[in-house]
Each structure stands twice: as C-alpha cells, then as structure tokens.
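In: this is the structure alone, sequence omitted:
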C-alpha cells in the first residue's frame, strides 16, 4: 500500500513559515517504538493475534498482550471493529442533516440521537446549526420520516449525498516515518472520477 506522509514535509514551500508556527500533534511520550509498531500492525489488521505481532516486534506474546491491554486502558486504542459497507447492506441513501438544537435541549437530544440506529456520526458544531448528523437509510421515505421526528428539536437542513469521492478514513501511524499518514488510495478504486 503506497502512502502519503502528512505533516510539515507535505506543506508547500510558500507556507513553510505559517506551518512552522502551527500546532502539531505530539504523540504521547510514554509510548515507545514497540508500542507504535503494535499500533501500526493493528491498524493494518485488527485481527492479528498477539503471537503474530510478537514475531514482528521481537517480544513474547504475553508482553504484546500486556502492551495492547495498556494501550486500551489509556484510551489510545479505543476498540476493534469490522468496517461494514452500508451499500452492500441495502442502505443507499446517505444524508447529512444540520439541526438547530437549543442548549437546554441537549440533555434530551443526546440520548435520543444515540439510540437512532441510522446515525453514523453526530457532531456538535459551530455556525447557524448546532448539530451535524451523518445518517444512512434504505430510501428517501425513511429519511423524510426521520427528519419529521427530528424537527421536534429544532430547524433542520438536509443534504443528500449523490456520490462519495473519498470515504471516511483514519490516519495511520507509520512507525518507520514516525508520523501519521493517509493511504494514497484508501478506497482501492483505481481511476475513479
């Protein structure tokens, strides 16, 4: 997998001065090179066993397991999950809904939105609307019904997605570069236009 390095090295020369003043992510200092290598390996394949990882980092599988447990306890690794393709499951309607929620409504809104199975992500944002919700539905009829339900909290604005040129992607730690990177072609689609 080819990769693009993120950070100051990727910044054009004319912005070097501004980039040097920018705040950069500093990895936690209590992590060592082996921790970073374990993170990198698990990001590439979360199903990799402690035994397989131990062969790559030259530690016992017990030590690798202890390190993974520590990374989980510190919240550096937040969990392991399968990435599901919504389209393959029949969810062809993707939408972003902006919602104006008053501060006093948040106590009721947050538990409500957390229970909605169609919600991919909900963010509290700045601007005219206080929430930005990413959702998937089987069809626009379901979307329309949900918007009607959502409007009990306030005014909405809906954007329906026609196509996605870059799917949601994670930043990956590259132990060799000692930096966060993005895959060059995360979707694997060659020549997509």
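Out: Right, received. Where do you want to start? Since we're looking at a predicted model, the values are computed, not measured.
In: which non-adjacent residue is nearest the residue lying farthest from the centre of the chain?
Out: Going by C-alpha atoms, centre = their mean, the residue of the chain most distant from its centre is residue 60, 30.8 Å out. Distance criterion C-beta to C-beta, 6 or more residues apart in numbering; nearest residue to residue 60, sequence neighbours excluded, is residue 54 at 5.9 Å. All C-beta spots, glycine's among them, are computed from the backbone N, C-alpha and C.
In: and that neighbour, how many neighbours?
Out: 17 (other C-beta atoms under 10 Å).
In: what helix or strand is it located in?
Out: Assessed by DSSP states H and E, residue 54 sits inside helix 50-57.
In: now that helix, how far from the centre of its chain.
Out: For helix 50-57, the separation from the chain centroid amounts to 26 Å (computed by C-alpha atoms, centre = their mean, to the nearest Å).
In: can you map out the helices along the protein?
Out: Shown for the chain, the helices assigned by DSSP state H span residues 16-21, 33-44, 50-57, 61-73, 106-114, 140-150.
In: next, the residue farthest from the centre of the chain: phi, psi?
Out: Main-chain torsions, residue 60, degrees, to the nearest 10: phi -70, psi 160.
In: about what we covered before: can you lay out the helices of the chain as a markdown table showing mean pLDDT and distance to residue 100?
Out: Converted to a markdown table, these look like this (pLDDT from 0 to 100; distance: least, C-beta to C-beta, whole Å):
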| stretch | mean pLDDT | distance to residue 100 |
| --- | --- | --- |
| helix 16-21 | 46 | 34 |
| helix 33-44 | 90 | 37 |
| helix 50-57 | 96 | 47 |
| helix 61-73 | 95 | 37 |
| helix 106-114 | 96 | 11 |
| helix 140-150 | 97 | 11 |
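In: right, so those: which one is the most enclosed?
Out: Mean neighbour counts were compared across these using mean count of other C-beta atoms under 10 Å; the top stretch is helix 33-44, at a mean of 18.
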